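> here are the coordinates; sequence isn't available:
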Ligand code: PHE
């Protein structure tokens, strides 16, 4: 079943798609996308984002999957095998490092979501908090370092607990349980939100757009957000691809994963903004949208506590299936390249990453720096180098043959090659470098 003989791997295409969608669908969709849209002009951001997912995201995801499956190993080894004797392996190393950094702040955020499940269960969130009280409660949690670190540690343990079981018994299995639960909770919450009296302006907020709001800043934010949300640019899809067998369809999988990720990001907007507008609140342009704006809304709803619990459980589930893919990238480096046992690799990298998360959890501004390092540099540079490698070096004919698979075909191969070789690198360079020129 596995990419190379004796290696663990995904048992079915459906299992792989659920796991890869689980990686893509995460806090980036439910927490990140709505607040970034609010910060960057609502519908204008959404329009640019959608363009990037189709023109850049899907081609890069497919490039990662093909490189992963062709080499049957995790990022560093993948480049070593595809281009022996060169320095291309550093692209894989950059990916592992980026994944390590992302995981460190991701687990802090995920710890907050665990804390909010607790607050929702005790009824604290639905006891009629005013916006000021709700904000104060959020800030108090951030100030209480011991609590924050404890929740982050708990989340690390959950993530390690899954990854330790490996790909088919850990990642594939948990995704098959959690992702359907995720979809059900999501639909319940969206249905609740869009049927609230006064929800209309929230829907318009996302759907209507003013082209004059598309500034370079909006374009940069949309590009980084699309990489983060699709889990591309650092080798997570490459690693998952390395666990695929030759008969599993790559193009179909990439399109399914990108489509479900994008649908969930949009649905998150339709879950959050109608509720925000219906409650007469302002769409907060900050990380607090999911944490201090939403509780003021739950308090007003019939059965609000139920919806509050559902919302934060949704966030935890989304975060867990993403965090496991981040840890898998780091751990698989030690397993594939250093010959470590899975449990040694998983516990060592998990513990080291937890240490790196301490500054994000306890020091002001560190999390923002981590986010900016990975969003502004790690992911876009990684995506650029991956597209150049697969587009121009691998060689691309090999990648195309990998995607077509045994006896299958790859109908849009020409379009994909064109996007990957020209559109993706040029667009990334223009977006990254352009604003510095003038
Ligand atoms: N895609 C995940 C999210 O949206 C985050 C992630 C990024 C996961 C990169 C793996 C790799 O939350």
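Received the coordinates, thanks. These numbers were taken from a predicted model, which means no experiment stands behind them. Residues are numbered from 1 along each chain as shown.

> Up against the ligand, what does this structure have?
Proximity of the chain to the ligand is confined to 23-24, 26-29, 102, 228-229, 231, 234, 236, 322, 325-326 under the rule Cβ under 6 Å from any ligand atom. For the C-beta atoms, the positions are set from N, CA and C on the backbone; glycine is no exception.

> Go through those and say which is closest to residue 162.
Compare each of the residues of the chain next to the ligand with residue 162 using Cβ to Cβ and the shortest gap goes to residue 325, at 10.3 Å.

> circling back: from the residues of the chain next to the ligand, which is closest to residue 436?
Taking Cβ to Cβ as the measure, residue 436 sits nearest to residue 228 out of the residues of the chain next to the ligand, at 21.5 Å.

> In space, what's closest to that closest one - neighbours in sequence excluded?
Counting by Cβ to Cβ, 6 or more residues apart in numbering, residue 28 is the residue found nearest to residue 228 once chain neighbours are left out, at 4.9 Å.

> and what of residue 10?
residue 16 (4.0 Å).

> Can you name the helix or strand that that neighbour falls in?
Secondary-structure element containing residue 16, defined by DSSP states H and E: helix 13-24.

> Give me the buried positions along that helix.
Along helix 13-24, these residues count as buried under the neighbour rule (16 or more other Cβ atoms under 10 Å): 13, 15-24.

> Tabulate these (JSON lines), appending pLDDT and distance to residue 430.
Formatted as JSON lines, the entries for the buried residues of helix 13-24 read as follows, by pLDDT from 0 to 100; distance: Cβ to Cβ, whole Å:
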{"residue": "13", "pLDDT": "95", "distance to residue 430": "36"}
{"residue": "15", "pLDDT": "97", "distance to residue 430": "38"}
{"residue": "16", "pLDDT": "97", "distance to residue 430": "33"}
{"residue": "17", "pLDDT": "97", "distance to residue 430": "32"}
{"residue": "18", "pLDDT": "97", "distance to residue 430": "35"}
{"residue": "19", "pLDDT": "97", "distance to residue 430": "33"}
{"residue": "20", "pLDDT": "98", "distance to residue 430": "29"}
{"residue": "21", "pLDDT": "98", "distance to residue 430": "30"}
{"residue": "22", "pLDDT": "97", "distance to residue 430": "32"}
{"residue": "23", "pLDDT": "98", "distance to residue 430": "28"}
{"residue": "24", "pLDDT": "98", "distance to residue 430": "25"}
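
> number of nearby residues for residue 161?
Using other Cβ atoms under 10 Å as the criterion, residue 161 is surrounded by 15 other residues.

> quick one: pLDDT of it?
The predicted structure scores residue 161 at 98 on the pLDDT scale.

> Look up how far residue 347 lies from it.
Distance, residue 161 to residue 347, by Cβ to Cβ, to the nearest Å: 10 Å.

> now residue 262
35 Å.

> higher neighbour count, those two?
Under the criterion of other Cβ under 10 Å, the comparison of residue 262 against residue 347 puts residue 262 first, with 23 against 15.

> Can you give the distance of the one helix or strand residue 121 maps to from its chain's centre?
Here residue 121, judged by DSSP H and E, is contained in helix 89-122. Here helix 89-122 is found 10 Å from its chain centre; the criterion is Cα atoms, centre = their mean, to the nearest Å.

> following that helix, which helix or strand comes up?
Remark: after helix 89-122, the chain's next helix or strand is helix 131-143, criterion DSSP H and E.

> Quick one: neighbours of the residue nearest to residue 228, just the number.
Other residues within reach of residue 28, judged by other Cβ under 10 Å, total 27.

> Please list all residues in contact with whichever residue of the stretch 301-438 of the chain sits closest to the ligand.
Nearest to the ligand, among the residues of the stretch 301-438 of the chain, is residue 322, at 4.0 Å (Cβ to the nearest ligand atom). If you count contacts by Cβ atoms under 8 Å, 6 or more residues apart in numbering, residue 322 has them with 22-28, 106, 231.
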